[in-house]
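*Asks:* Quick check, what structure comes out for this input:
(chains A and B)
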Amino acid sequence: MRPLEGVRILDLTWVLAGGGGPRLLDALGAEAIRIEWRDRLDSLRLAAPFVGPEPDKSKPRGPNDPPPNINRSGIFNDINSGKRAISLNMSQPKGREVFKRLVAVSDVVVDSFTSETMRNWGLGYEVLKSIKPDIIYLQQSGWGYKGIYSGFGSYGPVAQAISGLTEQSGLPTPYPPAGWGYSYMDWSGAYYCAIMMLLAIYYKKRTGKGQYIDGSQLEPSIYLTGTAVLDYSVNRRHWQRSGNRAIARPAAPHGAYRCAGEDRWIAIAVTSEEEWNALVREMGNPQWAADPRFGTMAARVANQDELDRLVGEWTINQEPFALQERLQHAGVPAGVCQTAEDRVERDPQLRHLNWLIPLAHREIGTWPIKNVPFHFSNAQVDQGGPLRRASPCYGEDNDYVYGELLGMTAAEQAELRKEGII
Amino acid sequence: MAEAFLSDVKVLELGDEKGEFCGKLFAGAGADVIKVEPPGGASSRLNGPFYHDQPDPDRSLYFWHYNVGKRGITLDIHAAQAKALLEKLIADSDVLIDSLPLDTMAGLGLDWTALQRINPRLIYLVLTPFGRSGPWRDYKATDLIYLALGGPMMCCGYDPKPDGSYDTPPIAPQMWHAYHIACNQAFIAAIGALIGRQTHGNGEMIDVPIHQAVAVSTEVDVPIWIYSHKPVFRQTGRHAVQRITPQAQFQTRDGRYSMLLLGITPRETAALIDFLTAKGFGNELHEKFKDPASRRGPEFSACLNRALAQCMGAFGVEEIWREAAGKRISWAAIRLPEENLTDEHWRMRQTFARVEHPELGETFDYVGAPTLAEACPWRTGPRAPLRGEHNQEIYRTKLGLDQQQIEQLHRDGII
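*Replies:* You can find the predicted model right below:
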């Protein structure tokens, strides 16, 4: 049994920062129904890499057909794994009436539109609540609805820039911030989207009460800036970048060191005398290591530039994974800066943990999908969700949702199709 | 006062900095979190920065930040007399967060089977470095090592040289993100298990390997490898992808930086060109690339880059991003975290909170809520516990020990 069995989510989210939230609840057993419309598709459906032919938006199509090849994006497949999907034209009043019928049989409505969209459609919280008194409505927008920036859009890099996460990453001035080489706040935004839905579901099961939550991508981003705000508030100290160096406790060497091969690096973090002694032994007790400049942790921290240079001279001709194994065996925290290829093709620990699971997709077949990293002892929890499948094709679950859930007759559905509603 | 999401949930937290952020999330959602520390205090109390830069276990800002809202007791869990006390605490908890060294609980005779006997409704949440088994099970790691092995570092850093080689290392974004990433997902799993328990009444054990949690949290690098077997290349302030993309970060007049996310939609590109033109920096763009279909390729990128560099260089970091964002252009100031404290938007949303420190007679600004839930407000405070601050309250009131017994435990170095 999955812990969220019986919970139904109407998923009006986009891309990852929104879409990743319902994905996690699917893994826990909920039924998330993606609501999509062919004229305004989630950009991930059109994002490379594709399996087979690429989507072609310019190709002429019949008035009731979606663009060709929109079910073939690998990234969409990963992010929407386990979900159901229906086609529904929310921009038409009749489409919104169908949506209201779905609200009546659901527990959660979640969207990641900019802040006014649902209200403009006459689907604000008060309306949803009048249809289903205990409904949970999470509006997961960029900046949040309340406040002076509610109309602004956001993507991961914007959230990271404003919150301070970008400025916190990188080598010291005069280098510019390095920021994040991916949208950290897409998955992290999705985590908070999931967290808020789960907290509200727990609360509703306990009290019978639903609620409206004004979520955002920006606030979780601020929440993840660590101790910097407090350091300013208490000590009036402004944040300063220090590359890969240790910031909370003296630790040196502490950084990424070049190895043999093209752009190969190993991270080493020496946090104690014991680990330093072990590293020195592994390095073959070089003469420089006995120099008083490196005699204590405080001395090593004070002379880090030189220390990094010398350690780097030792690592540069070594095969990174053999070095990692050797240092770990000696008790020195060390790990290769792994690429996606390393993780997918060779990381024996991730393989042992079944971090990728094969899941089937109706059009593109079976592919490895990133599993959730939590291992339950009793409940069945994995990214296939109750359907045991990868992402849905456009409109794949229309029959189930309109027929089984809403009890529409075939004639009724055909009529809606003809009118361009489903 | 409005009720909190988890006001009926009791959490016991054992372990070190790996699990502290998860306990903080529970406290924020309104759970009663008791943190159990060794008699001298948790090791994270030695983490800086410190109040007025004076190292002191009760004045670590790191400890304050990650333990706000919790109560704290001391207990040497390895002492023989401790076991009965620990069992009583576990019997009275809904969730046990364990980030102790691997096998510690089993060594105390408190493995999952034993825990279930003590409390069949317990949600036992274990944060392990690499999992409870497997070839890397006993690897040693820190935040830096997790970010290396899990993939974030190889996505983050600076542009390669024109010949494609790198003269800068991969970068680990600072501030304990491996623990943030793992604890966010651990919290999700734990609330899921609590919801399952509302239905069937049974406990659950959940293992969250930090390495796996980090490895699944990068964005496009893994799907790109799986579906096209191509590597990605790290680049300054923008996504690591298969090719080198145009610059996205520019220096502002005051020597700071602003960013612009390029190429999201043709509508955004058009809005950007109009905006740059209105500011007096877009004439060349406007003339050469009137046709939206022509807005692609290296020539367009170079022209856009020149205009952006000039425009951003003409204004201070806070001066014009709002105006651009108001036109739905993904333009943003690259702020220092603390610069958000004075922003009206966050003030209206109460994103930051003032937390009182009665022991110092002072009040400080903390990062408060990750979201605005007015029906069930997020809690920030009271401030993190001093060492053993709640020993009396918990050992006496909750566990029923008398003063003499508590003093004896103290003398024996158990608490």
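*Asks:* Just name the shakiest helix or strand of chain B by mean pLDDT.
*Replies:* helix B:283-288 (a mean of 90; mean pLDDT, DSSP states H and E).
*Asks:* right, and the helix or strand after the lowest-mean-pLDDT helix or strand in chain A?
*Replies:* When the helices and strands of chain A are scored by mean pLDDT, DSSP H and E, helix A:15-27 comes last with a mean of 89. Once helix A:15-27 ends, the next helix or strand along the chain (criterion: DSSP states H and E) is strand A:31-36.
*Asks:* so does the helix or strand just after that next one get close to chain B?
*Replies:* Heading C-terminal from strand A:31-36, the first helix or strand you meet, by DSSP H and E, is helix A:74-79. Yes. Helix A:74-79 is in contact with chain B by C-beta under 8 Å from any C-beta of the partner chain, via A:74-75, A:77-78. Backbone N, C-alpha and C define where each C-beta goes, glycine included.
*Asks:* Now flag whichever of the residues you listed is closest to chain B.
*Replies:* residue A:74 (3.3 Å; C-beta to the nearest C-beta).
*Asks:* Can you tell me the closest non-neighbouring residue to that closest one?
*Replies:* Closest residue in space to residue A:74, ignoring its immediate chain neighbours: residue B:227 at 3.3 Å, by C-beta to C-beta, 6 or more residues apart in numbering or on different chains.
*Asks:* From residue B:150, how far off is that neighbour?
*Replies:* According to C-beta to C-beta, to the nearest Å, residue B:227 stands 20 Å off from residue B:150.
*Asks:* between these two, which one's more packed in?
*Replies:* residue B:150 (29 against 21; other C-beta atoms under 10 Å in any protein chain shown).
*Asks:* so what's the more buried one scoring on pLDDT?
*Replies:* pLDDT recorded at residue B:150 is 98.
*Asks:* wait, it sits on residue B:209?
*Replies:* No. Using C-beta atoms under 8 Å, residue B:150 makes no contact with residue B:209, being 10.3 Å away.
*Asks:* and the least confident helix or strand of chain B, what does it pack onto?
*Replies:* helix B:266-278, helix B:297-313 (3 or more C-beta pairs under 8 Å, 6 or more residues apart in numbering or on different chains; DSSP states H and E).
*Asks:* what about those helices, which gets the closest to residue A:227?
*Replies:* Nearest of the helices and strands packed on helix B:283-288 to residue A:227, taken as C-beta to C-beta: helix B:297-313 at 29.8 Å.
*Asks:* Need the residues that contact that closest one.
*Replies:* B:246-247, B:250-253, B:258, B:260, B:262, B:272-273, B:276, B:279, B:281-282, B:284-285, B:288-289, B:294, B:320 (C-beta atoms under 8 Å, 6 or more residues apart in numbering or on different chains).
*Asks:* Keeping just the C-alphas, turn stretch A:379-395 into PDB.
*Replies:* C-alpha atoms of stretch A:379-395 as PDB (Å, rounded to 0.1, in the frame of the first residue of the first chain):
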ATOM      1  CA  ALA A 379       4.900   0.900   2.200                       C
ATOM      2  CA  GLN A 380       5.500   0.700  -1.500                       C
ATOM      3  CA  VAL A 381       7.000   3.900  -2.600                       C
ATOM      4  CA  ASP A 382       8.700   4.500  -6.000                       C
ATOM      5  CA  GLN A 383       8.500   6.900  -8.900                       C
ATOM      6  CA  GLY A 384       6.200   4.700 -11.000                       C
ATOM      7  CA  GLY A 385       3.400   5.600  -8.600                       C
ATOM      8  CA  PRO A 386       0.200   3.600  -8.500                       C
ATOM      9  CA  LEU A 387       0.100   3.400 -12.300                       C
ATOM     10  CA  ARG A 388       3.700   1.900 -12.500                       C
ATOM     11  CA  ARG A 389       4.500   4.000 -15.500                       C
ATOM     12  CA  ALA A 390       6.600   6.900 -16.800                       C
ATOM     13  CA  SER A 391       5.100  10.200 -18.000                       C
ATOM     14  CA  PRO A 392       1.700  10.300 -19.700                       C
ATOM     15  CA  CYS A 393       1.100  11.200 -23.300                       C
ATOM     16  CA  TYR A 394      -1.000  14.200 -24.100                       C
ATOM     17  CA  GLY A 395      -4.600  13.400 -23.200                       C
END
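*Asks:* Can it be said to contact chain B?
*Replies:* Yes. Judged by C-beta under 8 Å from any C-beta, stretch A:379-395 comes into contact with chain B through A:379, A:381.
*Asks:* With adjacent residues omitted, what lies nearest to residue 370?
*Replies:* Using chain A. residue B:216 (4.6 Å).
*Asks:* switch to chain B, that's the one I care about
*Replies:* Excluding its sequence neighbours, the residue lying closest to residue B:370 (C-beta to C-beta, 6+ apart) is residue A:223, at 3.9 Å.
*Asks:* give me the number of residues near residue A:200?
*Replies:* Neighbours of residue A:200 using other C-beta under 10 Å come to 25.
*Asks:* go on, residue B:198?
*Replies:* Neighbours of residue B:198 (other C-beta under 10 Å): 13.
*Asks:* and the least confident helix or strand of chain A, what does it pack onto?
*Replies:* strand A:8-12, strand A:31-36, helix A:74-79, strand A:108-111, strand A:136-141, helix A:156-163, helix A:184-207.
*Asks:* what angle sits between it and strand A:31-36?
*Replies:* On the basis of axes from the mean of the first three to the mean of the last three C-alpha atoms, to 10 degrees, helix A:15-27 is oriented at 150 degrees to strand A:31-36.
*Asks:* and the angle for helix A:15-27 with helix A:184-207?
*Replies:* Using the same axes, to 10 degrees, helix A:15-27 lies at 40 degrees relative to helix A:184-207.
*Asks:* C-alpha coordinates for helix A:15-27, CSV please?
*Replies:* Output of helix A:15-27 as CSV, limited to C-alpha atoms (Å, rounded to 0.1, in the frame of the first residue of the first chain):
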residue,chain,number,x,y,z
VAL,A,15,8.1,22.9,-16.0
LEU,A,16,10.0,21.5,-13.1
ALA,A,17,9.6,24.0,-10.2
GLY,A,18,5.9,23.3,-10.3
GLY,A,19,5.7,19.9,-12.0
GLY,A,20,8.2,18.2,-9.7
GLY,A,21,5.9,18.7,-6.7
PRO,A,22,3.0,16.5,-7.8
ARG,A,23,5.6,14.0,-9.1
LEU,A,24,6.8,13.4,-5.5
LEU,A,25,3.3,12.9,-4.3
ASP,A,26,2.7,10.4,-7.1
ALA,A,27,5.6,8.3,-5.8
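*Asks:* Measure how that helix sits relative to strand A:8-12, angle-wise.
*Replies:* 170 degrees.
*Asks:* Quick check: buried residues in helix A:15-27?
*Replies:* Using 16 or more other C-beta atoms under 10 Å in any protein chain shown as the test for burial, helix A:15-27 gives A:15-27.
*Asks:* Could you provide those in a markdown table, with additional columns for distance to residue A:410?
*Replies:* What follows is those, written out as a markdown table (distance: C-beta to C-beta, whole Å):
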| residue | distance to residue A:410 |
| --- | --- |
| A:15 | 34 |
| A:16 | 36 |
| A:17 | 38 |
| A:18 | 33 |
| A:19 | 31 |
| A:20 | 35 |
| A:21 | 34 |
| A:22 | 29 |
| A:23 | 31 |
| A:24 | 35 |
| A:25 | 31 |
| A:26 | 28 |
| A:27 | 33 |
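*Asks:* and which of those residues is nearest to residue A:389?
*Replies:* residue A:26 (10.2 Å).
*Asks:* Test my guess that that closest one contacts residue A:82.
*Replies:* Yes. With contact defined as C-beta under 8 Å, residue A:26 reaches residue A:82; the gap is 3.5 Å.
*Asks:* and residue A:287, how many neighbours does it have?
*Replies:* By the measure other C-beta under 10 Å, the count of residues near residue A:287 is 6.
*Asks:* coming back round to it: need the winner for burial among the helices and strands packed on helix A:15-27.
*Replies:* helix A:156-163 (a mean of 29; mean count of other C-beta atoms under 10 Å in any protein chain shown).
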